[in-house]
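*Asks:* Sequence and predicted structure, then a few things I'm wondering about:
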Amino acid sequence: MRNMHRLRAAGIAMLVCATAVLPSCTNIGKQTQPSPPPDARQETQYKEKTVARDVQATAYLIRAQGARDTRNFVMQMSETPAKLADLKRGVRQFLKEHPELKAAAWVGRNGILAQTAAGWPEGMDPGAHAEVKKAVSAVRGGASYASELFSYRGEPYFAIGEPSSSRKGEGAVVLVPADEVRRVEIHQRQNLRLVPYPAEGRYKTESADPGTGRDVTVRTGEDNQNASHYAVDEIVVKFPRKLDSGELLKIRKDLDVTVVKNTGTIYVFRSKTRRMEDMREYFKAWKPIYTEPHYLYLTNLTHERDDGAAEAQEIVPNDTLYSKYQWNLPQIATERGWNLSKGSQDVIVAVVDTGVELDHPDLKGRLVEGFNVVDPSSPPNDDVGHGTHVAGIIAAQVNNGEGVAGMTWYTRIMPIKALDSTGAGSAYAVAEGVIWAADHGAQVINLSLGNYAQAQFLHDAIRYAVDKGVVVVAASGNDNTDRPGYPAAYPEVIAVAATDPGGGKAAYSNYGDYIDVSAPGTSIASTYPGSKYAALSGTSMACPHVAALAALIKAADPNLTPEQVAGIIRSTASDLGDPGKDPYFGHGEINVQKALETVRQQTVVPQYVAPRLWPNLNRIGIR
């Protein structure tokens, strides 16, 4: 506390979230050389289009999760007796387990068999609104339905319909609220300075005996020691040769499958309607070399390429939104890096931000005690969304068949609320949060915030944390300027710029001699308040990728100093742009596999502090 009081006297400065929005992932990031800074008109047009794209991506994430939950509900209900009381009880239980959903009904051929007594807005029961009526009609016809985003009395929704496979003409219709879409738009318009800111005044798994492949029942923790788990809707098949397009099309049609992964002659298929046993029986006629369940423990496995050489196994988690939306983790070799380190429960990353949603289902079991600097009498809950999103990038539960995958499987998050409900806060509040985190066991601190003014008391807090062995990582900012942003530009901090899909410089990302490394920052899918998921963009999103890598490194070797961890991250980054260190990417884009291989090989990395560009104090201002 003595340190905090000493810092308090130094004054107050405003710090804001370092979030921005990027263009569509399909048309960016193909070049590693940055574009010239746009003029004011171009920048405004660019930002307006980007807000629209991230809002759309967030809407898709919400709809996908709602559809997935509805499918699982229908599968569960299809196995229960067809009694009316059971249907009503099931609908009530479904809404209880998913409070983020608005209303649900079980539809029959001739009417609504069961529905929640409350939840459906007035005039919007399953027979009174066009989109809901479409969902009901689809279910009765045996088809799935997911509406586009629509508005009812000023509130945004999706209507989802999912038919039962065993009860013809029956199924579930669910109303999914999409308030987060509006919140993301407001949040991103603020952080892109399109408005004044700060304002004035995946699926169920089964268990099997790893020797015989026979199903077993796991009742205790000890049982798990003798069982391997597999996804009930996936199968691994190795063919004598690579399949041609016609053969793949036939398999897709016959089994209603998608190809999750393909390496040479080995395919992982995922079916929407078939279980693993059914698919294994089907593939007998194809005379494969082998078929097997898609086991979910993949650490340290290898596979053979067609040339016979062994390479590190890519670990692809079964989280619902991973394969379609999380381009960022494969780009930085996370899937291969997981063979070397998945993290450790002993490593804690403090997220000094707007707080974290403490009961988000994809962060369950990953949070430790935190601190609310803004209101010490209250828990550090998130009333903005920014901190929850950052936390999910680092530590959303992996391979749990839900939502998104974090970069670490076991690392825990310490939520520190230092920014208020507007997404802004004082430099002292951030400094106090940094000191609290360092004093309460954090090994890594993530600072996805900043401005252009140096605050000596915040710098003192960071030096205090680093002296205690804490790795501090900060976002560079989103104004496409070479003006150093703080706290990123302090020499003790790992400064992070943002990249797009393909490794190009994110157009909004700040740059300069102080940048250490870059990481993915565009349309990053992660956790969001309301038990939802959202896509945000910015150096705020790039920063936690580096913090997570630091946590993986600390898990692999807890004795490394902050300087050694930073040295490993810099020296193993994938070089982008001009050869060697440059102002746009620093030492390059982080590479999880190479960094962890360096730790494993016990390579001694010299302590290293990157050169910094210190500004003229007259130029300091608040962005």
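*Replies:* Received it, and whenever you're ready, just let me know what you need.

*Asks:* Would you state the strands of the stretch 401-550 of the chain in chain order?
*Replies:* For the stretch 401-550 of the chain, strands defined by DSSP state E, counting those that start in this stretch occupy the ranges 412-417, 424-426, 444-447, 449-450, 471-475, 494-499, 517-520, 524-528, 532-536.

*Asks:* Are there helices or strands packed against the fifth one, and which ones?
*Replies:* Under the contact definition 3 or more Cβ pairs under 8 Å, 6 or more residues apart in numbering; DSSP states H and E, strand 471-475 sits against strand 444-447, strand 449-450, helix 456-467, strand 494-499, helix 539-556, helix 562-571. No exception for glycine: its C-beta is placed from N, CA and C like everyone else's.

*Asks:* Show residues contacting it.
*Replies:* Strand 471-475 is touched from outside by 18, 434, 443-450, 462, 465-466, 485, 487-488, 490, 492-496, 538-540, 542-544, 546-547, 550, 554, 562, 565-566, with contacts defined as Cβ atoms under 8 Å, 6 or more residues apart in numbering.

*Asks:* And the residue nearest the centre of the chain, how far from Y464?
*Replies:* The central residue of the chain, meaning the one whose C-alpha is nearest the mean C-alpha position (Cα atoms, centre = their mean), is S526 at 3.0 Å. Going from S526 to Y464 by Cβ to Cβ, to the nearest Å gives 29 Å.

*Asks:* next one: Y410
*Replies:* In this view, Y410 and Y464 are 27 Å apart by Cβ to Cβ.

*Asks:* what about stretch 364-371, how long is it end to end?
*Replies:* End-to-end distance of stretch 364-371 (Cα to Cα, to the nearest Å): 18 Å.

*Asks:* Equivalent analysis for stretch 254-271, please.
*Replies:* Length of stretch 254-271, first residue to last, Cα to Cα: 10 Å.

*Asks:* Next: stretch 255-275.
*Replies:* In stretch 255-275, first residue to last residue: 10 Å (Cα to Cα).

*Asks:* swap in stretch 69-87?
*Replies:* 17 Å.

*Asks:* and what of stretch 412-421?
*Replies:* Counting by Cα to Cα, the terminal residues of stretch 412-421 are separated by 24 Å.

*Asks:* what does stretch 556-570 give?
*Replies:* For stretch 556-570, the first-to-last residue distance is 17 Å (Cα to Cα).

*Asks:* Distance from the chain centre to that stretch, please.
*Replies:* Relative to the chain's own centre, stretch 556-570 is displaced by 24 Å; criterion: Cα atoms, centre = their mean, to the nearest Å.

*Asks:* So which bits of that stretch are buried?
*Replies:* If you call a residue buried by 16 or more other Cβ atoms under 10 Å, then stretch 556-570 has these buried ones: A556, D557, L560, P562, E563, Q564, V565, A566, G567, I568, I569, R570.

*Asks:* Likewise for stretch 528-545?
*Replies:* Result for stretch 528-545 [16+ other Cβ under 10 Å]: buried residues 528-545.

*Asks:* And that stretch, end to end?
*Replies:* In stretch 528-545, first residue to last residue: 17 Å (Cα to Cα).

*Asks:* For that stretch, what does the pLDDT average out to?
*Replies:* The predicted model assigns stretch 528-545 a mean pLDDT of 93.

*Asks:* And the helices and strands packed on strand 471-475: which comes nearest K594?
*Replies:* helix 562-571 (8.8 Å; Cβ to Cβ).

*Asks:* which helices and strands does the closest one pack with?
*Replies:* When contacts are defined as 3+ Cβ pairs under 8 Å, 6+ apart, helix 562-571 sits against strand 471-475, helix 539-556, helix 592-600.

*Asks:* for the second one, packing partners?
*Replies:* Yep, that's helix 539-556 we're talking about. strand 348-353, helix 386-395, strand 444-447, strand 471-475, strand 494-499, strand 517-520, helix 562-571, helix 592-600.

*Asks:* what is the orientation angle of it with strand 494-499?
*Replies:* Helix 539-556 and strand 494-499 are oriented at 130 degrees to each other (axes from the mean of the first three to the mean of the last three Cα atoms, to 10 degrees).

*Asks:* Report the inter-axis angle for helix 539-556 versus helix 562-571.
*Replies:* Angular relation of helix 539-556 and helix 562-571 on a 0 to 180 degree scale: 120 degrees, by the same axes, to 10 degrees.

*Asks:* hang on, the earlier thing: between the helices and strands packed on strand 471-475, which gets the lowest average pLDDT?
*Replies:* Note on the helices and strands packed on strand 471-475: strand 449-450 shows the lowest mean pLDDT, a mean of 88.
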